[in-house]
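Peer 1: The following block contains a protein sequence and its predicted model.
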Amino acid sequence: MSAPSVIRKLDETVVNRIAAGEVIQRPANALKEMIENSLDAKSSSIQVIVKQGGLKLLQIQDNGSGIRKEDMDIVCERFTTSKLTSFEDLTSIATYGFRGEALASISHVAHVTITTRTADSKCAYRGQYCDGKPKGPVKPYAGNVGTQITVEDLFYNISTRKKALKNPSEEHGRVAEVVGRYAIHNATVGFTLKKHGESVADVRTPANSTQIDNIRAIYGPTVARELLEIASDNQKLQFQLNGLISNANYSVKKCIFLLFINHRLVDSASLRKAIEVVYAAYLPKNMHPFLYLSLEIAPQNVDVNVHPTKHEVHFLHEDAIIESVQKVIEARLLGSNESRTYYTQTLLPNVSLSVSEIAADKPSTSSGTDKVYAHHMVRTDSREQKLEAFFNKPDHKSTAGSATREEVSMDTDSPSTSRKRPRLDETVPPVSPEIKSPDGATIKRREITLTSVLSLQKEIRDDVHSGLRDLFQNHTFVGCVTEELALVQHQTKLYLANTTRLSKELFYQLMLFDFGNFGMLRLSESAPIYDLTMLALDSKASGWTEADGPKDELARYVVDFLKGKSDMLDDYFSIEIDEDGCLHTLPLLLDNYVPAMEGLPMYLLRLATEVNWESEQECFQTFARETSEFYTFKRNPYARSTESQESEDSMEAGDSAERDWKWTVEHALYPGFKTSLLPPKRFSGNTSLLQIANLPDLYKVFERC
């Protein structure tokens, strides 16, 4: 019989590291603890910087109350806290932290540096920590009021944990999820999340925003416009409920569930299941809702100390509260008077539509004996001209619909305008490399041999949906529904086309297939890039904050940067910038089309900040994407509302502007779609083209009448 093992007391370092491994399971857990500390310090701005998903660097900076110099020596020791003094305080705890384990646990598995300053301190103080103890004395340091905590080399001493977290992109996604959820719940606090060394923020929400605005910024406008507000105050069970839930029009494949109990981010599987039971009657099978719920329960009824990471809490009357929440949500969904929206796809999912299948729908005209039944008869001939074709077309300078656009004129004197040509693809015959200019001179088309451009062109050709290509080549334009939507007919089917989305793809493809062969749009007056950049930075869409630096310095940087690229911009893209930093020309992508000049300031700013100028292929690809975004035909946000058009003159001007953009859509954009657009395969599954009617089905409906 073997002797019993000896029981030994573990070394304190081993104990602390075991405890740290329970509290800090991954970078997102560490960030959650530090965000809660910043919120406890009454911060109004929280900035987070991460590197390699937070494993290499995790830094958080706030403008809260800071840490006293006297507390810096023990700030990273276990069970040191300013939140409670006795166990009974847990029954009325109103802060996020209470155990004093967050910083201690982080310091046992990473290198921690804390820089902090209180409002009454003349300077900041910095300390470095390891295993809960300072590495040296706390030293004075320059800094703003608030606290900056830098965590480096997370899990450097726990190799197994570090190997398990080997995917930095996955960890960054979890970090972004934590920041986004706290940003939604704490809408009055400004949050920013950036990757180290990058200027563009992955998450950015302004201070004193609203929860719906932050949801729109983080999860997109699609869910934001489908939200219903819920509220309930149950005196019997002593809880209050507030939240935003998606209506029956919105659904996703995975449930998005944001639950805060007493302002603490937690999860509750039982509450999630109960709510999904309600939505099962409204959503398609295997589809789920978006849920943001904030429960405030009497503190004495909540036990927050049941999970190492505080991911779960227990509370009294749990089943009754869940049932009450379920009833509130069900009543809100039933009481919503908004109509349901149903979408129909052009093509069935995972079904490849070929040209031969579209051709099979065509009525046979090869034999005179073949009878074409009425419900298969195509009721229009795309070769026939409409009456509008004989009207005087609007001067293209005014088709933009705004005073700003009227300052643009086409440079017809430039020989580069004659370099425009039909794009080469499988359905367009090759064109001669020699082209006649308006004055009769012969101009050779420039041959582009750059591997990066040819590779991007090949990607577009390989992704073409042949069925949709045939549809666009042979469609008949019916009319405009709105500035963003239009009706087109193909054979016996009627489609609702998203003009905005189609034009964005068209201009992206034109940027690549006409690379180095653009015509020019010459501005009637030179445009100072500095002034345009200042206009862009003054816009909320730029996302500028004081942390990005003074606006005038950023504007000067944009001017100098674009001037340094002026030779390439002129040679490849027909964008002419002079030595004074003034813009003179833009590329002519499509005949009779001028982009909305309201977007020019943001376009120039994004060329300097969003284009990847380091890699050749990525540079041309991102440049084409930014240019297509600028040229995209979209609703004019500056158009005068109908309520303000009171005088007869202004009404006539409004009617003229409407005729102008409708002319542009019909006679510039859709002919461009017909001749040049190579529809990508993704258009068959999204809402770029929706079938809304077809003649055979209409006959079946009317046969029953």
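Peer 2: Thanks, I have it.

Peer 1: does residue 556 sit in a helix, a strand or a coil?
Peer 2: Here residue 556 is helix, with the state taken from DSSP: H, G, I helix; E, B strand; the rest coil.

Peer 1: Quick check: chain neighbours aside, which residue is closest to it?
Peer 2: With Cβ to Cβ, 6 or more residues apart in numbering as the criterion, residue 556 has its nearest non-adjacent residue at 6.7 Å, and that residue is residue 530. Using the backbone N, CA and C atoms, a C-beta is placed for each residue, glycine as well.

Peer 1: Please name the residues that touch residue 571.
Peer 2: residue 516 (Cβ atoms under 8 Å, 6 or more residues apart in numbering).

Peer 1: Residue 580 now?
Peer 2: 526, 528 are the contacts of residue 580 under Cβ under 8 Å, 6+ apart.

Peer 1: returning to that earlier point: the residue nearest to residue 556 contacts residue 559, correct?
Peer 2: Yes - under the criterion of Cβ atoms under 8 Å, residue 530 makes contact with residue 559 at 5.1 Å.

Peer 1: rewinding a little: outside of the helix or strand hosting the residue nearest to residue 556 itself, list whatever touches it.
Peer 2: Using DSSP states H and E, residue 530 maps to helix 529-538. Contacting residues not belonging to helix 529-538 are listed as 542, 544, 551-552, 554-556, 558-559, 562, 577, 581-583, 600-602, 604-605 [Cβ under 8 Å, 6+ apart].

Peer 1: Let's see that with 10 Å instead.
Peer 2: 528, 542-544, 548, 550-552, 554-563, 577-578, 580-583, 597-609 (Cβ atoms under 10 Å, 6 or more residues apart in numbering).

Peer 1: For residue 61, which three-state class applies?
Peer 2: In three-state terms, and counting by three-state DSSP, residue 61 is strand.

Peer 1: Quick check: the most centrally placed residue in the chain vs residue 214, distance?
Peer 2: Centroid check for the chain by Cα atoms, centre = their mean gives residue 220 as the closest residue, at 6.1 Å. To residue 214, residue 220 is 12 Å away according to Cβ to Cβ, to the nearest Å.

Peer 1: Kindly report the same for residue 324.
Peer 2: 27 Å.

Peer 1: Excluding sequence neighbours, find me the nearest residue to residue 139.
Peer 2: Spatial nearest neighbour of residue 139, chain neighbours left out: residue 126 (5.7 Å); criterion: Cβ to Cβ, 6+ apart.

Peer 1: and the one you found, which of the three is it?
Peer 2: Criterion first, three-state DSSP; result for residue 126: strand.

Peer 1: My reading is that residue 181 lies in a strand. Confirm?
Peer 2: No - Residue 181 sits outside any strand when classified using three-state DSSP, being helix.

Peer 1: got the buried residues for stretch 314-329?
Peer 2: Across stretch 314-329, burial judged by 16 or more other Cβ atoms under 10 Å covers 315, 317, 321, 322, 324, 325, 328, 329.

Peer 1: can you give me the helices for the stretch 551-700 of the chain?
Peer 2: Applying DSSP state H, counting those that start in this stretch to the stretch 551-700 of the chain gives helices spanning 551-564, 566-573, 600-609, 616-631, 648-664, 670-676, 695-703.

Peer 1: Measure how far the third one is from the centre of its chain, please.
Peer 2: Per Cα atoms, centre = their mean, to the nearest Å, the displacement of helix 600-609 from the mean C-alpha position of its chain is 17 Å.

Peer 1: for it, what is the average pLDDT?
Peer 2: The average of the pLDDT scores along helix 600-609 is 92.

Peer 1: picking up where we left off before, how close does the residue nearest to the centre of the chain get to residue 256?
Peer 2: Residue 220 is 11 Å from residue 256, where distance means Cβ to Cβ.

Peer 1: and residue 232, what element?
Peer 2: According to DSSP H and E, residue 232 maps onto strand 227-234.

Peer 1: Which positions in that strand come out as buried?
Peer 2: 227, 228, 230, 232, 234.

Peer 1: With stretch 130-149 instead?
Peer 2: Applying 16+ other Cβ under 10 Å to stretch 130-149 flags 131, 132, 134, 138, 143, 145, 146, 147, 148, 149 as buried.

Peer 1: could the residues you listed go into a markdown table alongside secondary structure and pLDDT?
Peer 2: Compiled in a markdown table, the buried residues of stretch 130-149 are given as follows (DSSP: H, G, I helix; E, B strand; the rest coil; pLDDT from 0 to 100):
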| residue | secondary structure | pLDDT |
| --- | --- | --- |
| 131 | coil | 85 |
| 132 | coil | 84 |
| 134 | strand | 91 |
| 138 | coil | 93 |
| 143 | coil | 91 |
| 145 | coil | 94 |
| 146 | strand | 95 |
| 147 | strand | 95 |
| 148 | strand | 95 |
| 149 | strand | 95 |
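
Peer 1: and the two most separated of the residues you listed?
Peer 2: With Cβ to Cβ as the measure, no two of these lie farther apart than 131 and 145, at 29.0 Å.

Peer 1: give the contact list for residue 209.
Peer 2: 183, 184, 186, 187, 188, 189, 190, 191, 216, 217.

Peer 1: confidence score at the residue nearest to residue 556?
Peer 2: Confidence at residue 530, expressed as pLDDT, is 92.

Peer 1: hmm, back to that, tell me the least confident of the buried residues of strand 227-234?
Peer 2: Within the buried residues of strand 227-234, pLDDT is lowest for residue 234, at 91.

Peer 1: surely it meets residue 322?
Peer 2: No - when contacts are counted by Cβ atoms under 10 Å, residue 234 is not listed as touching residue 322 (11.9 Å).

Peer 1: In strands, which of the contacts of residue 209 appear?
Peer 2: Members of these lying in strands (criterion: DSSP state E): 190, 191.

Peer 1: Using a markdown table, lay out the contacts of residue 209 together with neighbour count and pLDDT.
Peer 2: Shown next, in a markdown table, are the contacts of residue 209 (neighbours: other Cβ atoms under 10 Å; pLDDT from 0 to 100):
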| residue | neighbour count | pLDDT |
| --- | --- | --- |
| 183 | 26 | 96 |
| 184 | 25 | 96 |
| 186 | 23 | 95 |
| 187 | 19 | 95 |
| 188 | 9 | 94 |
| 189 | 23 | 95 |
| 190 | 21 | 96 |
| 191 | 27 | 96 |
| 216 | 18 | 94 |
| 217 | 20 | 94 |
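
Peer 1: ok, now how distant is residue 28 from residue 560?
Peer 2: From residue 28 to residue 560 the distance is 39 Å (Cβ to Cβ).

Peer 1: which one of these two has more residues nearby?
Peer 2: Each of residue 28 and residue 560 has its neighbours counted (other Cβ atoms under 10 Å); residue 28 has more, 23 against 13.

Peer 1: Now do the contacts for that one.
Peer 2: Here residue 28 is in contact with 50, 53-54, 58, 171-179, 309 (Cβ under 10 Å, 6+ apart).

Peer 1: In helices, which of those appear?
Peer 2: 171, 172, 173, 174, 175, 176, 177, 178, 179 (DSSP state H).

Peer 1: tell me the contacts of the fifth one?
Peer 2: By that I understand residue 175. Contacts of residue 175 by Cβ under 10 Å, 6+ apart are 26-28, 30-32, 48, 50, 53-54, 58, 193, 195, 202-203.

Peer 1: Which PyMOL command selects the buried ones in these?
Peer 2: To isolate the buried members of the contacts of residue 175 in PyMOL, using 16+ other Cβ under 10 Å:
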select buried, resi 26+27+28+30+31+32+48+50+53+54+58+193+195+202+203
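
Peer 1: which one among the contacts of residue 209 gets closest to residue 568?
Peer 2: Nearest member of the contacts of residue 209 to residue 568, counting by Cβ to Cβ, is residue 217, at 33.8 Å.
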